[in-house]
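Peer 1: What follows is a protein structure lacking sequence information:
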């Protein structure tokens, strides 16, 4: 089972990723909305910080984020399709 801190951090990454995608869609039709641009920048930074923290503690979230020189660490579980990856406790 995934530890609570890992699950909370992963949930925050998913939420900020969703917010970024939603803002991206909004900005496609409202490219001069300063408030939306400001929010996009804020959440882009937050998402990057959360992702970096997750990777520092638990390893890469995607294969392209695997940067180990001595071991392919992407295969360290759990996999995204495994139940414990998606559990919220």
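Peer 2: Alright, I've got the coordinates. Note that the coordinates shown come from a computational prediction; the quantities given were computed from them, not determined experimentally. Numbers count the residues shown, from 1 in each chain.
Peer 1: Which residue is the nearest non-sequential neighbour of residue 23?
Peer 2: Distance criterion Cβ to Cβ, 6 or more residues apart in numbering; nearest residue to residue 23, sequence neighbours excluded, is residue 40 at 4.6 Å. Heads up, the C-betas are built off the backbone N, CA and C, glycines and all.
Peer 1: for that neighbour, what are its contacts?
Peer 2: With contacts defined as Cβ atoms under 8 Å, 6 or more residues apart in numbering, residue 40 is in contact with 20, 23, 24, 27.
Peer 1: got the buried residues for the helix or strand containing it?
Peer 2: Residue 40 is part of helix 34-58 when elements are defined by DSSP states H and E. Residues of helix 34-58 classed as buried under the neighbour-count rule (16 or more other Cβ atoms under 10 Å) are 36, 39, 40, 43, 46, 47, 50, 51, 54, 55, 58.
Peer 1: how much space between the third one and residue 19?
Peer 2: So that's residue 40. Applying Cβ to Cβ, to the nearest Å, the value for residue 40 to residue 19 is 9 Å.
Peer 1: now swap in the fifth one and tell me
Peer 2: When Cβ to Cβ is applied, the distance between residue 46 and residue 19 equals 9 Å.
Peer 1: just residue 11 next, same as before
Peer 2: Taking Cβ to Cβ as the measure, residue 11 falls 13 Å from residue 19.
Peer 1: now do residue 10
Peer 2: Between residue 10 and residue 19 the distance is 15 Å, computed by Cβ to Cβ.
Peer 1: Between the two, which has more neighbouring residues?
Peer 2: Legend: neighbour count by other Cβ atoms under 10 Å for residue 10 and residue 19, higher for residue 10 (20 against 17).
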